[in-house]
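In: here's a sequence, model it:
(one chain, ligands or ions: 1)
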Amino acid sequence: MMFYSGILSVLLGPIVLLLIFIWRRKIGLRENGLPPGPTTIPLLGNIHQLPTRYPHVKYTSWARRYGKIFSLKIAHGTAIVITSPSIIRDFMDKRSSSTAHRPPMKIVDLVTDGCHPALTDGPVWKNMRKAMQLFLTREACARHLTVQRAECIQLMYDTLKQPEGLLVHIKRQTISIILSTVFGVRSPRFENSIASQFVEGNSLWERILEPGATPPLDLLPILQYIPEFLAPWKAGCREIRNRQQNLYFGLRDMCAKRMKDGRRNGCFLEDIIDLQEKWGIDSATVGYIGGGCLEGGSGNTSSFLQTAMLLLACHPHVQEKAQKELDDVIGKDRLPSSEDYEKLPYVRAIIRETFRFFPPVPLGLPHSSTTDETVEGFYIPKGSIIFMNYYGIYHDPDLFDLPERFIPERFLTSEFGTKQGVDATGLRHDLHFGSGRRICPGIVFAMQSIEMNIMSLLWAFNLKIATDTPRDAEIPIQFNDFTPGIASGPKPFACDVHPRSQAHADIIRAEYAQARSVFSMFEQELTPDERAFVSEW
Ligand code: HEM
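Out: Coordinates of the predicted model:
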């Protein structure tokens, strides 16, 4: 007893001093002038209330309560959540030189040495973004169409042969497109492939980036020096770093070897390697540029397509209406092509409604500001973390009728699908792709793939909620059961997929045979197993 009271009297002084320090510095309390928000407590602010999963859902309910711009206190720091397209336009687009930065993320430095095109800032980010833009201009994307179309044909062919694997076929396809166009090598199947290797490593990466997966290193940087036996997350970081470097650097070296041997195939990394000396880029950065394309370019597109399949399977009348439009414009004797898209307003409305219903990055990537700003009369201190709540905007009942329902027709009666007579200032069709100087550089690339795939899958197949055969009951699909994480998509679900007719199936088979000539130049390094698969599939 004496012992404990002795310890207590020794600790009492520092504890009292700490409490006085917190009280004097008002740590955790919301400063005057900030946008409103949930009640704070000293030291923590709102940390104890922050959701670790599905933050967009909580932020949307806070937005309905505290307003279209609200604030959270994260100890002495401030986070701002915007749930209004007009505020995004005025603050994030127009004042982008201040608001297009990323908050410091210690975990990103530990894993990638600060060499990441989406999660870092400063000159490294600028150089990586400039390099990626070479690959993503409208002209460059027009060249990528050949690969995107051939891979779309393989997606239909795979689905024909193995309908129950639709979700995996989509995943393989979106990765294989980036692998081919960026690194010059493809994955003809998912199992035991570069694609599956990437998915395994990337899911660890996404998990460690989730709030709560590591201690708050950015708030208390000293935590990074905790010895590893007390900090298992450090081994996790090392594993992800090794996996990323093995994959990205290995693919870069494969491309360099191809170039040296005179076997170029026109992929993006060839251009970067050619420019490397002139632009002063080191070879690690070359690998991370390719890796950044893979991370940014595959998961979101795949999530979007999977969400669209889920929604279509649940809404057979939407499929029927789209198929009628496709039959009128294209007929049943040929596959859709990119030129058809402009003539398909209902298919376009389906794509827009799917983005509205569930944007693949519901809160965007966090931004931060470098100057003090005033927005709507509120004070936004420099260094604030800023989230754009796309999910909350798209589910705002002030903007959309029945926002929780999937109704593509809303985009036929108003440009942005909004209610009659509402002020749609700030809404744009690419809002969910980000804002200002940080806007996603892959919009054209992503939309080409999405348009081609949605047109083609609707043209070729009927989708239906899977039936549980013994009881012949529909297996329910959980609409709101999406994967957690910054980027999100539906959890695996079962749906029945059938070709619309024998004639549709025959066209897909014939087109697949022709698409093989596009694939062959990206199949120079296939394993013997993959070669066998390609010749038998
Ligand atoms: C449906 C598909 C996609 C969606 C929904 C999407 C969404 C986004 C969003 C919300 C951001 C953050 C923007 C911001 O901070 O304001 C972003 C950034 C980024 N995206 Fe995409 N994206 C998609 C496809 C792609 C593709 C195909 C690529 C490349 C091939 C790509 C590469 C990137 C990169 C490199 C960044 C970081 C930009 C920067 O920080 O400067 N994305 N994307």
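In: spell out which parts of the stretch 351-500 of the chain neighbour the ligand.
Out: 360-361, 364-365, 367, 432-435, 438-442, 445-446 (CB under 6 Å from any ligand atom). The C-beta positions use only the backbone N, C-alpha and C, and glycine is treated the same way.
In: mind picking the two most distant members of those residues?
Out: Using CB to CB, those reach their maximum pairwise distance at 367 and 445, which is 22.2 Å.
In: element containing the residue nearest to residue 367 when sequence neighbours are not counted, please.
Out: Closest residue in space to residue 367, ignoring its immediate chain neighbours: residue 386 at 4.4 Å, by CB to CB, 6 or more residues apart in numbering. Using DSSP states H and E, residue 386 falls within strand 385-388.
In: neighbouring strands - and their directions - for that strand?
Out: With DSSP bridges as the test, strand 385-388 is paired with strand 77-82 (parallel), strand 367-368 (antiparallel).
In: need those strands in JSON lines with mean pLDDT, can you?
Out: Rendered in JSON lines, the data for the strands paired with strand 385-388 read as follows (pLDDT from 0 to 100):
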{"stretch": "strand 77-82", "mean pLDDT": "96"}
{"stretch": "strand 367-368", "mean pLDDT": "96"}
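In: max-length helix in this protein?
Out: helix 283-314 (DSSP state H).
In: buried set for that helix?
Out: In terms of neighbour count (16 or more other CB atoms under 10 Å), helix 283-314 has its buried residues at 285-314.
In: give me the contacts around the strand holding residue 386.
Out: 59, 74, 77-82, 88, 91-92, 99, 103, 363-364, 366-369, 380, 434-435 (CB atoms under 8 Å, 6 or more residues apart in numbering).
In: buried subset of the residues you listed?
Out: Here, 16+ other CB under 10 Å leaves 59, 74, 77-82, 88, 91-92, 99, 103, 363-364, 366-369, 380, 434-435 buried among the contacts of strand 385-388.
In: now for the following helix or strand past the longest helix of the chain, which elements pack on it?
Out: Using DSSP H and E, the helix or strand that follows helix 283-314 in sequence is helix 316-329. Judged by 3 or more CB pairs under 8 Å, 6 or more residues apart in numbering; DSSP states H and E, helix 316-329 is in contact with helix 283-314, helix 345-357, helix 443-460, strand 461-465.
In: next, the angle helix 316-329 makes with the longest helix of the chain.
Out: 100 degrees (axes from the mean of the first three to the mean of the last three CA atoms, to 10 degrees).
In: and the ligand, is helix 283-314 touching that?
Out: Yes. If you take CB under 6 Å from any ligand atom as the test, helix 283-314 does meet the ligand, through 292, 293, 296, 297, 300, 301, 304.
In: show me how far that helix is from its chain's centre.
Out: 6 Å (CA atoms, centre = their mean, to the nearest Å).
In: before we move on, the earlier item: now the strand holding residue 386: mean pLDDT?
Out: Averaged across strand 385-388, pLDDT comes to 97.
In: any idea how far the following helix or strand past it is from the chain center?
Out: For strand 385-388, the succeeding helix or strand toward the C-terminus, using DSSP H and E, is helix 390-394. With CA atoms, centre = their mean as the basis, helix 390-394 stands 15 Å off its chain's centre.
In: stretch 53-64 now?
Out: That offset, for stretch 53-64, works out to 18 Å (CA atoms, centre = their mean).
In: as a whole number, average confidence for that stretch?
Out: For stretch 53-64, the per-residue pLDDT averages 94.
In: use 131 as the first number for this chain going forward.
Out: Right, with 131 as the first residue, what we last looked at is stretch 183-194.
In: how many other residues sit next to residue 659?
Out: Other residues within reach of residue 659, judged by other CB atoms under 10 Å, total 12.
In: which stretch of helix or strand covers it?
Out: helix 658-666.
In: which residues are contacting that helix?
Out: 317, 318, 319, 322, 323, 649, 653, 656.
In: in what helix or strand does the residue lying closest to the fifth one once chain neighbours are set aside lie?
Out: This means residue 323. Nearest residue to residue 323, sequence neighbours excluded (CB to CB, 6+ apart): residue 317, at 4.0 Å. Using DSSP H and E, residue 317 sits within no helix or strand.
In: contacts only, for residue 317.
Out: Taking CB under 8 Å, 6+ apart as the test, what residue 317 contacts is 302, 305, 306, 309, 323, 324, 325, 326, 660.
In: next one: stretch 212-222 to chain centre, how far?
Out: The answer for stretch 212-222 is 20 Å, by CA atoms, centre = their mean.
In: any figure for the gap between residue 288 and the ligand?
Out: 21 Å (CB to the nearest ligand atom, to the nearest Å).
In: I misspoke; the intended subject was residue 522.
Out: Distance from residue 522 to the ligand, by CB to the nearest ligand atom: 14 Å.
In: the helix or strand residue 385 falls within to helix 413-444, inter-axis angle?
Out: Element membership of residue 385 [criterion: DSSP H and E] is helix 363-390. For helix 363-390 against helix 413-444, the angle by the same axes, to 10 degrees is 100 degrees.
In: next, count neighbours for the closest residue to the ligand within the stretch 131-280 of the chain.
Out: Proximity of the stretch 131-280 of the chain to the ligand (CB to the nearest ligand atom) peaks at residue 248, 3.3 Å away. Close neighbours of residue 248, defined as other CB under 10 Å, add up to 19.
In: tell me the SS of it?
Out: Here residue 248 is recorded as coil under DSSP: H, G, I helix; E, B strand; the rest coil.
In: mind listing what the nearest residue to residue 427 once chain neighbours are set aside touches?
Out: Leaving aside its sequence neighbours, residue 427 sits nearest to residue 308 (CB to CB, 6+ apart; 4.5 Å). Listed by CB under 8 Å, 6+ apart, the contact partners of residue 308 are 423, 424, 427, 428.
In: what about stretch 499-517, start to end distance?
Out: 11 Å (CA to CA, to the nearest Å).
In: just to revisit the earlier point, return the alpha-carbon coordinates of the helix holding residue 659 using PDB.
Out: Provided in PDB are the C-alpha atoms of helix 658-666 (Å, rounded to 0.1, in the frame of the first residue of the first chain):
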ATOM      1  CA  PRO A 658       5.100 -22.600 -68.600                       C
ATOM      2  CA  ASP A 659       1.900 -23.000 -66.600                       C
ATOM      3  CA  GLU A 660       0.400 -19.900 -67.900                       C
ATOM      4  CA  ARG A 661       1.400 -20.900 -71.500                       C
ATOM      5  CA  ALA A 662      -0.400 -24.200 -71.100                       C
ATOM      6  CA  PHE A 663      -3.400 -22.300 -69.700                       C
ATOM      7  CA  VAL A 664      -3.500 -19.900 -72.700                       C
ATOM      8  CA  SER A 665      -3.300 -22.700 -75.200                       C
ATOM      9  CA  GLU A 666      -6.000 -24.800 -73.500                       C
END
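In: for it, buried residues please.
Out: Applying 16+ other CB under 10 Å to helix 658-666 flags 660, 663, 664 as buried.
In: ditto for stretch 261-277
Out: Buried residues in stretch 261-277 (16+ other CB under 10 Å): 261, 262, 265, 266, 270, 271, 274, 275, 277.
In: out of these, which touch the ligand?
Out: Okay, of those touching the ligand (CB under 6 Å from any ligand atom), that's residue 262.
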